[in-house]
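Student: I'd like to go over a predicted model; first the sequence, then the structure.
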Amino acid sequence: MKTLDEKFVRRAVINWLSRKGYNLRLRERETSEHGVDIKVRHNKYPRYFLVEVKGDPDPKKVKAPHSRRESSFRTALGQIVSRMGKARYKYGLGFPESYEDRVRRRLSQAILKKLNLVILLVNNKGKVKEINWRNTKKK
């Protein structure tokens, strides 16, 4: 499986958000900047979407990619949870599809619903698969 870096995942998520009606001129940060990776506002109604994005670890630099994915998953979840609190905001985490098992094991339907959280999984062609509380089985 091809490793997908953060920049590739971010671009795929931005394209997906654009097709869903979100205004992309609001905020996209560079990898080295602090703050949420993507902040967009819907074009038709006042709803914001904040998305934290992580990529696959570089296999040339990491001895244990599984451990690095676990660490990245926890970091992303912590970063998005620390930004939660506004009622009209929707929250998301963008990952390569290699994170899918980890996401499904760790985030139940109840957690996704309570946090208003959406998981966006990107495949190597840039297609995004949405996981939310409605399409997740109860644990």
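Tutor: Cool, the structure landed. Residues are numbered from 1 along each chain as shown.
Student: Might you report the residue contacts of residue 50?
Tutor: When contacts are counted by CB atoms under 8 Å, 6 or more residues apart in numbering, residue 50 is found next to 36, 38-39, 80, 83, 89-92. (Each C-beta comes from the backbone N, C-alpha and C, glycine too.)
Student: among the residues you listed, who's most crowded?
Tutor: residue 92 (25 neighbours; other CB atoms under 10 Å).
Student: Before we move on, what's the pLDDT of that residue?
Tutor: On the pLDDT scale, residue 92 is placed at 96.
Student: and it, what does it touch?
Tutor: Shown in contact with residue 92 (CB under 8 Å, 6+ apart): 13, 49-52, 80, 117-120.
Student: did I read that right, it in a strand?
Tutor: Yes. Read with DSSP: H, G, I helix; E, B strand; the rest coil, residue 92 is one of the residues of a strand.
Student: Quick check: bridge partners of it?
Tutor: Beta-bridge partners for residue 92, by DSSP bridges, are residue 51, residue 118.
Student: So residue 62 sits against residue 68, correct?
Tutor: Yes. Taking contacts as CB atoms under 8 Å, residue 62 lies within contact range of residue 68: 4.9 Å.
Student: between these two, who's got more neighbours?
Tutor: A direct count of neighbours by other CB under 10 Å for residue 62 and residue 68 places residue 68 higher, at 17 against 14.
Student: which stretch of helix or strand covers the more buried one?
Tutor: Using DSSP states H and E, residue 68 falls within helix 65-81.
Student: circling back: I'd like the contacts of residue 50 laid out as JSON lines, including distance to residue 112.
Tutor: Formatted as JSON lines, those follow (distance: CB to CB, whole Å):
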{"residue": "36", "distance to residue 112": "18"}
{"residue": "38", "distance to residue 112": "19"}
{"residue": "39", "distance to residue 112": "20"}
{"residue": "80", "distance to residue 112": "12"}
{"residue": "83", "distance to residue 112": "16"}
{"residue": "89", "distance to residue 112": "15"}
{"residue": "90", "distance to residue 112": "11"}
{"residue": "91", "distance to residue 112": "10"}
{"residue": "92", "distance to residue 112": "11"}
